[in-house]
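Student: What shape does this take:
(one chain, ligands or ions: 1)
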Amino acid sequence: MAEDMTTPLLSDSEGPADALPVCLTSPTVAILGSGDFARSLALRLVASGVRVVVGSRCVNRIPSGLFPDAVELRNQEGAVSQAVCLVFMALFPEHYCSLLGLQSALAGKVLVDVSNAAEMNIHGLSNAERLAELFPNSLVVKGFNTVSTWELQTGAHDGSRQVLICSNSTEGKKKVVQLARQMGFHPVDMGGLSAAREIEVAPLRLLPSWSGPVVVTFLLFLFFYGYGVLLGILLPFLAQGHNAFYRLALDLVNESLPAVALVTLALVYFPGLFAAWLQLWSGTKYRRFPSWLDNWLQRRKQLGLLSFLGAALHGVYSLCLPLRRISLHRIVNTAYKQVKAGTEEPWDELGVWRSELYLSCGVLGLGVLSLLAVTSLPSVGNTLNWREFTFVQSGLGYIALTLSIMHTLFFGWDFAFHIEAYPFYMPPSYLLAVVLPCIVLVCRCFLLLPCIFTRLTRIRRGWESKRNCPVLQHHHMVTNGIP
Ligand code: NAP
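Tutor: Sure, this is the predicted structure:
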């Protein structure tokens, strides 16, 4: 642990509270409150070899066996006096005022605020900042609120190991960082106490980076499914009275999934191309992208994983197709008709080629997409260097996109050129699905043209066109003798 104290993990920001004396000896830690969090924290601290004393308003009310035997139970004053340095405030922030009587006992001690925000939008001060106002002679550190009681109990080998920490006191932060490491967590220094707002709402967020991609994917699914319902079920029903509503459950879902997967995969590579064309057009890489493009670029991983999900589900659905009653019915019915008519179905060589090719491209595309999904996992991605990672995510990504487009085109074969493929003057959904991916591929091919590729590479290495670099422009004018 001694070397942990010397590790320059912490920022140099020091608050006014640093002038306070901080005790450096005993590891005894106090926890105020005897609820769920206090119990799990005490368990973990004891397992990490820390002496723990729990301070409750009413010790007698704590059922025996709730805390490990090694934990000492006391009233709040007794617990605070036992704690040499660290006191965890394992109670709700609205009850902090009830501890004002302990102000002098808590002076000079590190108070760890573990509370979460009650709602996403914090108005005014954060809980930790309010605690610091109530106890100006203590060193308030925000931390451990992002760790759940489950993570505290399951130990260091399971669950998230990050503990976000912030404080205006470097000394206080050091103590908490040291303890977090001793407990098997990874402390992450988030800076001064003003960062507490961000840390307090962190546990309330539900997959923040996923909402946009999930909404986009869902809307795409709704579009393709709705289009399929209109074209394949409603219009034939209204025009010819043909009842195909049974297709709603499986057939149409399976038709929509690959379209969603393909368009979503195109959406992974589209913003990168857009950014490249923007850089070419502006002649510099130093101009900021619009925020919507920035956000889009940051959500590529999520879009890619959702595309993989769509493709994988399509694979499973397709395997189920021959098992359906309707398929069995059709096979038996066709065989019966042939026997009755005394005819033999001729071997359709072209049709066989078509199905072999589209299945093969689909399986290969799904395989490459799986590789992309696996390498996007942090544990796998971290083992690759930047070159390997971009090769997999960009190079193999375009291969997956190409194979998926080929899968769709082989599926369509020459039907796209037949008038029967456009019932009610509407194109089939697979044709709609390949439009954006094809645009992406063509734009990518243009970027590979030597004249464009060379210019883009120069821009990405820091070169700027003259109109973006007035200094160079001036230099050029001077050397050319232009006043
Ligand atoms: P809890 O089970 O309700 O425990 C809160 C404790 O506060 C009680 O056991 C009680 O201890 C004390 N208390 C209750 N009313 C009080 C009052 N009027 N005045 C003073 N003390 C009072 O809550 P918890 O789940 O342990 O959560 C405690 C804190 O941890 C909260 O700020 C929460 O945001 C944070 N947290 C919880 C979790 C979690 O998974 N539960 C995760 C992260 C952060 P005594 O009766 O012994 O005094």
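Student: Residue of the stretch 201-350 of the chain nearest the ligand, please.
Tutor: As assessed by Cβ to the nearest ligand atom, the ligand sits closest to residue 203 within the stretch 201-350 of the chain, at 6.4 Å. Where you see a C-beta, it was placed from the backbone N, CA and C, and this is true even at glycine.
Student: Return the residues of the chain in contact with the ligand.
Tutor: The chain has residues 33-38, 56-58, 90-92, 95, 98, 114-116, 145, 148-149 near the ligand, with proximity defined as Cβ under 6 Å from any ligand atom.
Student: Let's see which of these end up in strands.
Tutor: residue 56 (DSSP state E).
Student: Name the residue closest to the centre of the protein, please.
Tutor: Centroid-nearest residue in the chain: residue 209, 4.8 Å away (criterion: Cα atoms, centre = their mean).
Student: wait, it sits on residue 302?
Tutor: Yes. Shown here, residue 209 and residue 302 form a contact pair, counting by Cβ atoms under 8 Å, at 6.0 Å.
Student: Give me the nearest residue to whatever residue of the chain ends up closest to the ligand, chain neighbours excluded.
Tutor: The chain approaches the ligand most closely through residue 35 (1.9 Å), counting by Cβ to the nearest ligand atom. Among residues not flanking residue 35 along the chain, residue 90 sits closest, at 6.4 Å (Cβ to Cβ, 6 or more residues apart in numbering).
Student: How about the contacts made by that neighbour?
Tutor: By Cβ atoms under 8 Å, 6 or more residues apart in numbering, the contact set of residue 90 is 31-35, 37-38, 41, 114.
Student: tell me the two of those residues that are most distant?
Tutor: Greatest spacing in the contacts of residue 90, by Cβ to Cβ: 34 and 114 (13.8 Å).
Student: What residue, apart from its backbone neighbours, is nearest residue 317 spatially?
Tutor: Distances taken as Cβ to Cβ, 6+ apart put residue 254 closest to residue 317, at 4.0 Å, once the chain neighbours are dropped.
Student: Work out for me the element the one you found sits within.
Tutor: Under the criterion of DSSP states H and E, residue 254 resides in helix 251-282.
Student: Buried residues, that helix. List them.
Tutor: For helix 251-282, burial by neighbour count (16 or more other Cβ atoms under 10 Å) applies to 251-276, 278-279, 282.
Student: Which elements pack onto it?
Tutor: helix 211-228, helix 291-298, helix 300-320, helix 397-412, helix 429-447, helix 450-460 (3 or more Cβ pairs under 8 Å, 6 or more residues apart in numbering; DSSP states H and E).
Student: Distance check, the residue nearest to residue 35 against residue 132.
Tutor: 17 Å (Cβ to Cβ, to the nearest Å).
Student: Walk me through the domains of the chain.
Tutor: The record's domain parsing of the chain by the TED database lists 29-204, 210-461.
Student: can you redo the ones you listed as CSV with mean pLDDT?
Tutor: Converted to CSV, those look like this (pLDDT from 0 to 100):
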stretch, mean pLDDT
domain 29-204, 94
domain 210-461, 93
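Student: Buried deepest among the ones you listed, which one?
Tutor: domain 29-204 (a mean of 19; mean count of other Cβ atoms under 10 Å).
Student: how far is that one from where the chain is centred?
Tutor: Remark: domain 29-204 is offset 28 Å from the chain centroid, using Cα atoms, centre = their mean, to the nearest Å.
Student: Span of that domain from start to end?
Tutor: Distance between the boundary residues of domain 29-204 (Cα to Cα, to the nearest Å) amounts to 28 Å.
Student: likewise stretch 61-79?
Tutor: By Cα to Cα, one end of stretch 61-79 lies 16 Å from the other end.
Student: same question, stretch 164-171
Tutor: First-to-last distance for stretch 164-171 - Cα to Cα - comes to 16 Å.
Student: got it, and stretch 49-62?
Tutor: Stretch 49-62 has an end-to-end distance of 23 Å (Cα to Cα).
Student: cool, stretch 413-420 as well?
Tutor: Rule used - Cα to Cα; the end-to-end distance of stretch 413-420 is 13 Å.
Student: next one: stretch 283-298
Tutor: Chord length of stretch 283-298, first to last residue, is 23 Å (Cα to Cα).
Student: so how far is residue 280 from the residue of the chain closest to the ligand?
Tutor: For residue 35, the distance to residue 280 equals 59 Å [Cβ to Cβ].
Student: go on, residue 190?
Tutor: Going from residue 190 to residue 280 by Cβ to Cβ gives 38 Å.
Student: Could you do residue 260 as well?
Tutor: 31 Å.
Student: which residue sits farthest out from the middle of this structure?
Tutor: By Cα atoms, centre = their mean, the chain has its most distant residue from the centre at residue 342, 60.5 Å.
Student: Could you double-check that residue 364 lies in contact with residue 403?
Tutor: Yes. Counting by Cβ under 8 Å, residue 403 is a contact partner of residue 364 at 5.1 Å.
Student: follow-up on the earlier one: show me which of the contacts of residue 90 is closest to residue 62.
Tutor: residue 34 (5.2 Å).
Student: Was I right to think the residue nearest to residue 317 contacts residue 318?
Tutor: Yes. Here residue 254 reaches residue 318: they are 6.3 Å apart, a contact under Cβ under 8 Å.
Student: Contact partners for the closest residue to residue 392 other than its chain neighbours?
Tutor: Using Cβ to Cβ, 6+ apart and skipping residues adjacent in sequence, the residue nearest residue 392 is residue 375, 4.8 Å away. For residue 375, the contact set (Cβ under 8 Å, 6+ apart) comprises 381, 384, 389, 392-393.
Student: give me every residue that touches the residue lying closest to residue 280 once chain neighbours are set aside.
Tutor: Leaving aside its chain neighbours, residue 280 sits nearest to residue 456 (5.8 Å; criterion: Cβ to Cβ, 6+ apart). By Cβ under 8 Å, 6+ apart, residue 456 lies in contact with 276, 279-280, 447.
Student: change it to 10 Å
Tutor: 276-277, 279-280, 285, 447-448 (Cβ atoms under 10 Å, 6 or more residues apart in numbering).
Student: what's the farthest-apart pair in those residues?
Tutor: Farthest pair in these, by Cβ to Cβ: 285 and 448, 18.6 Å.
Student: Please tell me how far residue 35 sits from residue 44.
Tutor: 15 Å.
Student: Run through who's touching the helix or strand containing residue 196.
Tutor: In this assignment (DSSP H and E), residue 196 forms part of helix 196-201. Applying Cβ under 10 Å, 6+ apart, the contact partners of helix 196-201 are 93, 113, 115-122, 124-132, 140-146, 163-167, 188, 190-191, 193.
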